[in-house]
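Chemist: Pasting the sequence and the predicted coordinates here, then a few questions.
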Amino acid sequence: MMTQLPVFLCLASVVGLLVAEKSQWRQGIWLFKPLAAAAYVWAAVAWGAVDSTYGRWVLVGLVFCWWGDVLLIPKQRRSWFRAGILAFLIGHLAYITAFLQLPIGLLGLLLGNLMAGGLAWVVWAWLGPRLSADYRRLVAVYVIVICVMLVAAFAAADGVERWTIALGAAMFAVSDVSVARDRFVAKAFFNRAWGLPLYFAAQLILASTVAA
């Protein structure tokens, strides 16, 4: 029951967040987005994140992603956006550290490299020309870190035969495309309509991997 409550809270908050985003209800966004993020942190703790080194690093990643969620709420403040990207960057680094605590599988390592390489090529070819000079370096670093996170996740998933690790990491990486499109290509509710559910589902899946 204790593990079901945060999952239900996260899913219900995501529904509320989507309604708030669609209606441009700013107070609702400030309510539901931090609440949904807090729920995936709570879920990780309920699943036993503090009981292992792997779990504790996943928890660190989730906490920094919570900060990233909050910092990305203001739409017109570049300093907040940069701080949010930095928070997510640290979150990805924490996930990488978590995955490196686990055995590495060679098949997963190969699959992770193939997926990460393809994703990096497609995203940079699509997004790179649209970036201003002051964002190109930040986004390039972010893409590199995401790719390393994917490789580490797939290798660890294969090593411990727990493919939910790879699934959560892949969903997280793909959800970042919606943020990039909304920020650098075209602002639209469509970006958030698919990106937010995918992102929060990814964080819940990653949180669930801490369970023994």
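Modeler: That came in fine, so what should we check first?

Chemist: so what's Tyr199 closest to, chain neighbours aside?
Modeler: Nearest in space to Tyr199, with sequence neighbours left out and distances taken as C-beta to C-beta, 6 or more residues apart in numbering, is Ser175 at 3.7 Å. For glycine as for every other residue, the C-beta is placed from the backbone atoms N, C-alpha and C.

Chemist: Relative to Leu9, how far out is that neighbour?
Modeler: Separation of Ser175 from Leu9 (C-beta to C-beta, to the nearest Å) stands at 19 Å.

Chemist: before we move on, which element is the residue most central in space within the chain in?
Modeler: By C-alpha atoms, centre = their mean, the chain has its centre lying nearest to Phe172, at 4.0 Å. Secondary structure assignment for Phe172, by DSSP states H and E: helix 164-180.

Chemist: next one: Val139
Modeler: helix 133-160.

Chemist: Now do that helix, average pLDDT.
Modeler: The average pLDDT for helix 133-160 rounds to 90.

Chemist: now for it, which elements pack on it?
Modeler: helix 78-99, helix 106-127, helix 164-180 (3 or more C-beta pairs under 8 Å, 6 or more residues apart in numbering; DSSP states H and E).

Chemist: The ones you listed into CSV, with extra columns for mean pLDDT and distance to Leu62?
Modeler: Converted to CSV, those look like this (pLDDT from 0 to 100; distance: least, C-beta to C-beta, whole Å):
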stretch, mean pLDDT, distance to Leu62
helix 78-99, 92, 7
helix 106-127, 89, 21
helix 164-180, 93, 11
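
Chemist: give the contact list for Ala152.
Modeler: 95-96, 99-100, 112 (C-beta atoms under 8 Å, 6 or more residues apart in numbering).

Chemist: how about a cut-off of 6 Å?
Modeler: Counting by C-beta atoms under 6 Å, 6 or more residues apart in numbering, Ala152 makes contact with 96, 99.
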